[in-house]
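Asks: model this:
(chains A and B, ligands or ions: 1)
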Amino acid sequence: MSDLIEDIEIRLLLEALHQRYHYDFRNYAQASIRRRLRQARDQLGFANFSALQEALLHDEAMLPRLLAYLTVQVSEMFRDPSYFRAIREKVVPHLRTFPSLKIWIAGCSTGEELYSFVILFREEGLEQRTLFYATDISQDALDAAARGIYSLDRMRTFTENHRAAGGKSSLSEYYRTAYGNAVLDQGLRDKVVFSDHSLVTDAVFGEMHLISCRNVLIYFNRDLQDRAIGLFRDSLGRKGFLGLGSKENIRFSSHADGFSDFARQDKIYQRREA
Amino acid sequence: MSSSEAPEGARLVVIGASAGALQALTQILPALPVDYPLPILIVVHIPPDRRNMLAPLFQAKCRMAVREAEDKEPGLAGVVYFAPPDYHLLVETDGTLSLSSDEEVWFSRPSIDVLFESAADAYGAGVIGIILTGANPDGASGSKAIADAGGTVLVEDPATAYASAMPLAALQACGTARAMPLAAIANCLLKECAA
Ligand SMILES: C[S@@+](CC[C@H](N)C(=O)[O-])C[C@H]1O[C@@H](n2cnc3c(N)ncnc32)[C@H](O)[C@@H]1O
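Replies: Take a look at the predicted model:
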């Protein structure tokens, strides 16, 4: 069994993080939090979680270091190409009927998913009428997203994904290379608003046509998933779209009946009329 | 509790396999009855871009129900769950299954270590961990975690395994692990039916 003392220490550490800094990880899925906290403890050089907690409470510099372990920044452009193909082929025709659009990329991490949308919208001629909200709880991730610079060796996968997603242009049109990096075209940010927003503690901030939140809900327990899905429902306009990660679903949520399946395989849902 | 024999209170089986996994699993899973009394969670290393064919493939050969694991579903007795490609699979203390997009471990997502360590945390002595053929050291530290928590670790005999590196690494990391041929592993699992 996971050691009883360790369980107590982890609960106290997450409580301290919440009370002192208002980051609330208390209801994240336990197994994965425990694993990442152990990594933080070992790599930051603490004998146990109590020692880590003491440092966290008394030294603000510990906060970003711990958060770097607690928030997982793994992403890819056009990850799961069939999702983006479904957005392009099935969702975009609906979006075209609106004179202006609001799109929310929730848990945008370092920006790969966001820029996939911006490029897709540019290819479809929708970018100019769209406002993209890109939110995350990690300031480091948001900063990286705003920079839009990725290691060149990742572009090969991104390019293949883009093509498989039905890309109408060559991805290389959107970046220049410098010092082993791909630097995205600055213009891709023109219609983007970056903002710190937590799906656990923050509220609705606008009425969206499409929300894409991928591979964030898997880190939550069921109660938190339920809260986030309720937040999405309340943030969507009439018949708005919600896209989740390929292994996420709204099946276990009390808000499930607020949505209908739109593209089942690709985890795209549509808000039912109230 | 002795970790050299399956404890009476076994509650969960976890299996990890890499190169040669399909043949090895084919010697084990079809032997189990439809009402097998434990959930079985399996990580097989597969390239992330492959659609997962493991569940349909084994469903055709097995009497147990076989599925790809979904996030936050309860892990049920009598069901085999495969980790989906490009996600880690973990089990929570209340028996629900969680997926994660965390970094690769030993160049793998899903990782055997991640599954086994979560199983050791959640079920302690109630875990039977099984390491099959494979060409990398994933699963060794997870096996040790299971053994340290009082669980049972069985390892495919490196002498007859398709790839011996993974079984050898597990045996080296985990002193109480027992090496045995595939048929004996299947027999050990069948003993749980009588328990
Ligand atoms: C695995 S990444 C997913 C990145 C991207 N959406 C994708 O699918 O490629 C998970 C992201 O969720 C963010 N996150 C974690 N908790 C959050 C919360 N409460 N509210 C918003 N974002 C959160 C993390 O900081 C991280 O950037």
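Asks: okay, how far is it across stretch A:227-244, tip to tip?
Replies: Taking CA to CA, to the nearest Å, stretch A:227-244 runs 15 Å from one end to the other.
Asks: please list the residues of chain B that sit near the ligand.
Replies: B:Ser101 (CB under 6 Å from any ligand atom). (Each C-beta comes from the backbone N, C-alpha and C, glycine too.)
Asks: strands of chain B, residue ranges please.
Replies: Taking DSSP state E, the strands of chain B run over residues B:12-17, B:40-44, B:65-68, B:79-82, B:88-91, B:97-100, B:127-131, B:152-156, B:178-180.
Asks: over to chain A?
Replies: Taking DSSP E, the strands of chain A run over residues A:101-106, A:130-136, A:149-151, A:175-178, A:181-184, A:192-196, A:208-213, A:236-244, A:259-263, A:268-271.
Asks: mind listing what's buried along the longest one?
Replies: To tie it back to what came earlier, the one meant is strand A:236-244. A:236, A:240-244 (16 or more other CB atoms under 10 Å in any protein chain shown).
Asks: follow-up on the earlier one: what would the strands of chain B look like in JSON lines with distance to A:Ser82?
Replies: Rendered in JSON lines, the data for these read as follows (distance: least, CB to CB, whole Å):
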{"stretch": "strand B:12-17", "distance to A:Ser82": "27"}
{"stretch": "strand B:40-44", "distance to A:Ser82": "22"}
{"stretch": "strand B:65-68", "distance to A:Ser82": "16"}
{"stretch": "strand B:79-82", "distance to A:Ser82": "20"}
{"stretch": "strand B:88-91", "distance to A:Ser82": "21"}
{"stretch": "strand B:97-100", "distance to A:Ser82": "18"}
{"stretch": "strand B:127-131", "distance to A:Ser82": "33"}
{"stretch": "strand B:152-156", "distance to A:Ser82": "36"}
{"stretch": "strand B:178-180", "distance to A:Ser82": "42"}
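Asks: next, format the ones you listed as TSV and append distance to A:Ala203, mean neighbour count and mean pLDDT.
Replies: Below are the strands of chain B laid out as TSV (distance: least, CB to CB, whole Å; neighbours: other CB atoms under 10 Å in any protein chain shown; pLDDT from 0 to 100):
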stretch	distance to A:Ala203	mean neighbour count	mean pLDDT
strand B:12-17	39	27	98
strand B:40-44	37	26	98
strand B:65-68	35	18	97
strand B:79-82	36	23	98
strand B:88-91	30	29	98
strand B:97-100	26	26	97
strand B:127-131	42	29	98
strand B:152-156	48	26	98
strand B:178-180	55	18	97
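Asks: which bits of the stretch 151-274 of chain A sit near chain B?
Replies: Residues of the stretch 151-274 of chain A lying near chain B by CB under 8 Å from any CB of the partner chain: A:215, A:217-219, A:221-222, A:225, A:245-249, A:252.
Asks: residues near residue 173, how many?
Replies: The chain I'm using is chain A. Residues lying near A:Glu173 (other CB atoms under 10 Å in any protein chain shown) number 9.
Asks: actually it's chain B I care about, not the one you picked
Replies: Counted by other CB under 10 Å, the residues lying close to B:Ala173 total 19.
Asks: quick check: the gap between it and B:Glu103.
Replies: Going from B:Ala173 to B:Glu103 by CB to CB, to the nearest Å gives 21 Å.
Asks: same question for B:Ala10.
Replies: B:Ala10 sits 31 Å away from B:Glu103, going by CB to CB.
Asks: before we move on, back to that, among the strands of chain A, which comes closest to B:Gly75?
Replies: Within the strands of chain A, the stretch nearest B:Gly75 is strand A:236-244; the backing value is 21.4 Å (CB to CB).
Asks: is that closest one anywhere near the ligand?
Replies: No - residues of strand A:236-244 are not located near the ligand by CB under 6 Å from any ligand atom, the shortest gap being 9.5 Å.
Asks: partner strands of that strand, parallel or antiparallel?
Replies: Strands adjacent to strand A:236-244 in the sheet, as given by DSSP bridges, are strand A:208-213 (parallel), strand A:268-271 (antiparallel).
Asks: what residues does the stretch 1-150 of chain A have near the ligand?
Replies: When proximity is defined by CB under 6 Å from any ligand atom, the stretch 1-150 of chain A lies next to the ligand at A:71-76, A:79, A:107, A:109, A:112-113, A:136-138, A:141.
Asks: quick check: beta-bridge partners of the residue most central in space within chain B?
Replies: What sits nearest the mean C-alpha location of chain B, by CA atoms, centre = their mean, is B:Ile15, with 1.1 Å. Beta-bridge pairing for B:Ile15 (DSSP bridges): B:Ile42, B:Ile130.
Asks: and it, what does it touch?
Replies: Shown in contact with B:Ile15 (CB atoms under 8 Å, 6 or more residues apart in numbering or on different chains): B:25, B:28, B:40-43, B:129-132.
Asks: change it to 7 Å
Replies: Contacts for B:Ile15 (CB atoms under 7 Å, 6 or more residues apart in numbering or on different chains) come out as B:40, B:42, B:130, B:132.
Asks: how close does it sit to A:Glu160?
Replies: B:Ile15 sits 32 Å away from A:Glu160, taking CB to CB as the criterion.
Asks: repeat for B:Lys61
Replies: Distance, B:Lys61 to A:Glu160, by CB to CB: 33 Å.
Asks: who has more neighbours out of the two?
Replies: Counted by other CB under 10 Å, B:Lys61 and A:Glu160 do not tie: A:Glu160 has more neighbours, with 15 against 11.
Asks: measure that one to A:Met77 for me?
Replies: Distance, A:Glu160 to A:Met77, by CB to CB: 10 Å.
Asks: also B:His45?
Replies: Going from B:His45 to A:Met77 by CB to CB gives 24 Å.
Asks: kindly report the same for B:Met53.
Replies: Going from B:Met53 to A:Met77 by CB to CB gives 26 Å.
Asks: the two: which is more packed in?
Replies: A side-by-side neighbour count of B:Met53 and A:Met77, using other CB under 10 Å, places A:Met77 first with 26 against 13.
Asks: which residue sits closest to that one, ignoring its sequence neighbours?
Replies: In space, and not counting its chain neighbours, A:Met77 is closest to A:Phe158: 3.9 Å by CB to CB, 6 or more residues apart in numbering or on different chains.
Asks: over to A:Ile137?
Replies: Excluding the flanking residues, the one nearest A:Ile137 by CB to CB, 6+ apart is A:Ser198, at 4.8 Å.
Asks: and for the one you found, the neighbour number?
Replies: Neighbour count of A:Ser198, defined by other CB under 10 Å: 16.
Asks: let me see the backbone angles for it.
Replies: Here is the backbone geometry of A:Ser198 (degrees, to the nearest 10): phi -110, psi 130.
Asks: do you know the pLDDT at it?
Replies: pLDDT recorded at A:Ser198 is 97.
Asks: I figured it hits A:Asp136, correct?
Replies: No - here A:Ser198 lies out of contact with A:Asp136, judged by CB atoms under 7 Å, at a distance of 8.8 Å.
Asks: which of the strands paired with strand A:236-244 sits most buried?
Replies: Ranked by mean neighbour count, these are led by strand A:208-213 with a mean of 23 (mean count of other CB atoms under 10 Å in any protein chain shown).
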